[in-house]
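**Q** predicted model follows, preceded by the sequence.
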Amino acid sequence: MKVIVAKKAGFCFGVKRAVDTAFKAAEDEAEDKKPVFTFGPIIHNKEVVAELAKHGVGMVDSLNELEKLPVSKIIIRSHGVGRDILTSIEKMGHEVIDATCPFVKNIHKKADESTGEGKTLIITGDPDHPEVQGIKGWCNNEPFIISEVSDIDKLPEKIDGQLTVVSQTTFNAKKFKDIVELLHKKYYNIIVCNTICNATAERQEEAEKLSAQVDVMIVIGDKSSSNTKKLYEISRQQCKNTYYIQTLNDLDLTVIESASRVGITAGASTPRNIIKEVHDSMSEANEFEKLLQEEENFSIRTGQIVEGTVIGVKPEEIIVDIHYKSEGIVTREEYSNTPNIDLTTIVKEGDPITVKVIKTNDGEGQVVLSYKRIAAEKAYAKLEEAFNNEEVLKGTVTQALQGGLSVTVDECKIFIPASLVSDTYERDLKKYEGQEVEFVLTEFNIAKRRFIGNRKKIIVERKTALAKELFDRIEVGQTVEGTVKNVTNFGAFIDLGGADGLLHISEMSWGRVDNPKKLFNVGDKVTAFIKDIKGDKIALSLKFEDQNPWLSAEDKYTIGSVVTGKVARMTDFGAFVVLEPGIDALLHVSQIALKRIEKPSDVLKVGDEITAKVVDFKPADKKISLSIKAYLKDQGIEPEEDYDEPVTSAEEVAEYAAVDEVADEVVEESAEVAEEAAEEVAEAATEE
């Protein structure tokens, strides 16, 4: 008969830590004479609890019992307790010795952070288990507790806000996976934290494999141990001849007489001496003796993955107990790719840690370890899959280099060349430091550790898709909203969400605009209408027809009415006067004064406010002619006595009209030239 003992059988890290803490407190009690009690059984194992009682460690089950005790040392068991219980013990004046498993402590922290206003927590586990009760005690509002797939039907159809899922550390890993899959289908806003202890998951996986290979399976553990019950359930599914015992006294040796292969596993709260006693009763083989070899026989090699415990932390290094003759060191550079990270803010004493051996001796007798290389190696498979499937990855920019960006994904470095950071030239790459960016892998060479990312491709593809969607839905005359992207001397470029539209200076107002930068700033929201679409170019306008000042001009500026305006510009033949935004009138040189002048600048300058009489109005041509001379005469002001006003002949009237038309043509031609120049500049900018 071959007896196979599971490698992961027996005390886990958290249980061993709690039991050792209790026995240490019992030793100290002899010196300080302060009674020692555990709040509930230190672990779910009656043999251990009885042994502690022999060493003077008592047990209380409630706060009422604590109130009757003198000031004592109260050990919080590995399952942990709620925040209110911890506070109550301290208020009573007792000294708290917290032996809560670090993995359970981590769940307490998540429960605190994941509950409250707008946040809901789902706990998978036995609602009556002390660990689950402890987790519940750290919630800021009532959590949901489910232990079976069928319990999902009892949850609300809709849960608003942040929804987080955690698990009892000893919960069945397969059942947790099934529950999570259904929760993902029911809720969209779910954050899953797999808090099943690694040791628990490994123990369950090992039990499943071992029980499928043997004729008889023995599961050792206290009847109240949740994780042992899970091991029994898993083993029973693979091997019908599975037996659940607490000690050797519960084992009927006749059940294994005809078996050729027997498997043994044990819960996390089962002492090794009980496992050894059961093993020795069945076989004289030395497998278990090897399992229980002392630490001095333990050896390590370069490249080996080892489990350890943090026993010291400095900002630049972590000291790790790896159960070897010397301690291991994880430097800042071997913990993370994040520059200048303060390790004291990341890990603390007592934390379990998985590391890789880099050197067995650094010259000073210490073992050099790496944490980040394990994470990076795990990431390689993820990166390779993403590379093959052209999946979009997310990573944090840890450093802006001269030639591009260094991005970290699960402690694996990816380089994005400057030319592939964006679809436009980026002058300042520093602005990306600390940001999370998306990219695709265009080169994956694990042998050379060469991973090249491309962010530009994603940006171009998304812009192309947005542009197509935009052009499919817009048309000339349609009102659109956008954001000012850039302002130039000839206009403003408006981001319409997929393409830019040009709002030319001539289309910004019914009135004259001298400088677009005085009207618009980058980031301003603009509502305009589409004046024209030519290929991928969109011309915008703010000159809405219902706001056209010429619609009511005929009523305001009838012939003979007196108006006031400002001189906007001058030519040799006259001055153009702005009566209101969008309406200019011509004040001919012959109508500026009662006396003859050579040119308008002899008596006027730009910005002067003048009062004149409307002497002509042509609504179809949008032309208004003014006369200061006529206005002055109406006021009774006569020319000087030595001034002979020339008689205007028919030829002079015709010449005046021609000059007026020439002026309009000059203005229109200037606007057309400016618009063509703007389009050329915009086209050149797009090509760049």
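**A** Thanks, I have the structure now.

**Q** dump the residue contacts of residue 369.
**A** 306, 308, 320, 322, 328-330, 334, 355-358 (C-beta atoms under 8 Å, 6 or more residues apart in numbering). From N, CA and C alone the C-beta is placed, and that goes for glycine too.

**Q** need the three-state assignment for residue 483.
**A** Under DSSP: H, G, I helix; E, B strand; the rest coil, residue 483 falls in the strand class.

**Q** what bridges to the residue lying closest to it once chain neighbours are set aside?
**A** In space, and not counting its chain neighbours, residue 483 is closest to residue 495: 4.8 Å by C-beta to C-beta, 6 or more residues apart in numbering. Per DSSP bridges, the residues bridged to residue 495 are residue 483, residue 500.

**Q** any idea how far residue 495 lies from residue 538?
**A** To residue 538, residue 495 is 11 Å away according to C-beta to C-beta, to the nearest Å.

**Q** so the residue nearest the centre of the chain versus residue 461, what's the distance?
**A** Central residue of the chain (C-alpha atoms, centre = their mean): residue 436, 7.1 Å from the mean position. For residue 436, the distance to residue 461 equals 19 Å [C-beta to C-beta].

**Q** likewise residue 467?
**A** Distance from residue 467 to residue 461, by C-beta to C-beta: 11 Å.

**Q** who's more crowded, those two?
**A** residue 467 (16 against 12; other C-beta atoms under 10 Å).

**Q** surely that one is within a strand?
**A** No: under three-state DSSP, residue 467 sits outside any strand and is assigned helix.

**Q** could you find the closest non-adjacent residue to it?
**A** residue 498 (4.4 Å).

**Q** pretty sure the one you found sits against residue 469.
**A** Yes: counting by C-beta atoms under 8 Å, residue 498 touches residue 469, with 6.0 Å between them.

**Q** so the two - more neighbours on which side?
**A** Between residue 498 and residue 469, counting by other C-beta under 10 Å, residue 498 is the more crowded of the two (18 against 13).

**Q** low-confidence ranges in the protein?
**A** Residues of the chain meeting the criterion pLDDT under 70: 30, 283-299, 362-364, 640-688.

**Q** in a strand, residue 159, correct?
**A** No: using three-state DSSP, the secondary structure at residue 159 is coil, not a strand.

**Q** for it, grab phi and psi.
**A** phi -130, psi 110 (degrees, to the nearest 10).

**Q** that one contacts residue 187, doesn't it?
**A** Yes: with contacts counted by C-beta under 8 Å, residue 159 reaches residue 187, the gap being 6.0 Å.

**Q** the more surrounded of the two?
**A** residue 187 (18 against 15).

**Q** quick one: contacts for the residue nearest to the centre of the chain?
**A** Applying C-beta under 8 Å, 6+ apart, the residues near residue 436 are 394-397.

**Q** also residue 509?
**A** 519, 542-543, 581-582.

**Q** redo those as TSV? Include neighbour count.
**A** Listed next are the contacts of residue 509 as TSV, based on neighbours: other C-beta atoms under 10 Å:
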residue	neighbour count
519	18
542	18
543	16
581	13
582	17
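
**Q** endpoints of stretch 385-397, how far apart?
**A** One end of stretch 385-397 sits 21 Å from the other (C-alpha to C-alpha, to the nearest Å).

**Q** flag every buried residue along it.
**A** 386-387, 393, 395-397 (16 or more other C-beta atoms under 10 Å).

**Q** who touches that stretch?
**A** 383, 405-409, 414, 432-441, 444, 453, 458.

**Q** out of the contacts of residue 369, which comes closest to residue 132?
**A** Nearest to residue 132 among the contacts of residue 369: residue 308, at 28.9 Å, using C-beta to C-beta.

**Q** would you agree the closest one falls within a helix?
**A** No: going by three-state DSSP, the assignment for residue 308 is strand, not a helix.

**Q** and for it, the neighbour number?
**A** Neighbours of residue 308 (other C-beta under 10 Å): 22.

**Q** show me how far stretch 208-219 is from its chain's centre.
**A** Relative to its chain's centre, stretch 208-219 lies at 45 Å (C-alpha atoms, centre = their mean, to the nearest Å).

**Q** same question but for stretch 262-272, I mixed them up
**A** Here the centre of stretch 262-272 is set off from its chain's centre by 42 Å, with C-alpha atoms, centre = their mean.

**Q** span of it from start to end?
**A** Terminal residues of stretch 262-272 lie 18 Å apart, using C-alpha to C-alpha.

**Q** swap in stretch 463-482?
**A** Across stretch 463-482, first to last residue, C-alpha to C-alpha, it's 15 Å.

**Q** got a list of contacts for that stretch?
**A** 423, 494-499, 501, 525-533, 536, 538, 540.

**Q** could you do stretch 224-244 as well?
**A** Stretch 224-244 is contacted by residues 41, 44-45, 126, 129, 131, 168, 170-172, 174, 200, 203-204, 207-208, 210-212, 214-223, 251-252, 255, 259, 263, 265-270 when judged by C-beta under 8 Å, 6+ apart.

**Q** for it, list every residue counted as buried.
**A** Of the residues in stretch 224-244, 224-236, 238-239, 241-244 count as buried by neighbour count, 16+ other C-beta under 10 Å.

**Q** please narrow these to those residing in strands.
**A** In strands, defined here by DSSP state E, the members of those are 242-244.

**Q** of the residues you listed, closest to residue 52?
**A** Comparing those against residue 52 with C-beta to C-beta picks out residue 244 as the nearest, at 23.8 Å.

**Q** tell me the bridge partners for that closest one.
**A** residue 219.

**Q** from residue 250, how far out is it?
**A** Separation of residue 244 from residue 250 (C-beta to C-beta): 8 Å.

**Q** skipping adjacent residues, who's closest to residue 310 in space?
**A** residue 351 (4.4 Å).

**Q** so who does the one you found touch?
**A** So residue 351 contacts 102, 309-310 (C-beta under 8 Å, 6+ apart).

**Q** tell me the spacing between it and residue 615.
**A** In terms of C-beta to C-beta, residue 351 sits 93 Å off from residue 615.

**Q** got it, and residue 301?
**A** Noted for residue 301: a distance of 106 Å to residue 615, by C-beta to C-beta.

**Q** those two: who's more crowded?
**A** Between residue 301 and residue 615, counting by other C-beta under 10 Å, residue 615 is the more crowded of the two (18 against 8).

**Q** just to revisit the earlier point, of the contacts of residue 436, just say which sits nearest to residue 623.
**A** When the contacts of residue 436 are compared against residue 623 (criterion: C-beta to C-beta), the nearest one is residue 397, at 61.4 Å.

**Q** so the closest one belongs to a strand, correct?
**A** Yes: counting by three-state DSSP, residue 397 falls inside a strand.

**Q** list the contacts of the closest residue to it other than its chain neighbours.
**A** Of all residues not flanking residue 397 in the chain, residue 432 sits nearest, at 4.6 Å (C-beta to C-beta, 6+ apart). Listed by C-beta under 8 Å, 6+ apart, the contact partners of residue 432 are 397, 400, 405, 421.

**Q** distance check, the closest residue to residue 456 other than its chain neighbours against residue 405.
**A** In space, and not counting its chain neighbours, residue 456 is closest to residue 420: 4.6 Å by C-beta to C-beta, 6+ apart. Going from residue 420 to residue 405 by C-beta to C-beta gives 9 Å.

**Q** got it, and residue 191?
**A** Residue 191 is 28 Å from residue 405, by C-beta to C-beta.

**Q** with neighbour numbers in mind, choose between those two.
**A** Each of residue 191 and residue 405 has its neighbours counted (other C-beta under 10 Å); residue 405 has more, 27 against 13.

**Q** identify the residue spatially nearest to that one, adjacent ones excluded.
**A** residue 416 (4.5 Å).

**Q** and that neighbour, how many neighbours?
**A** A count of nearby residues for residue 416, using other C-beta under 10 Å, gives 27.

**Q** cool, thanks, talk later.
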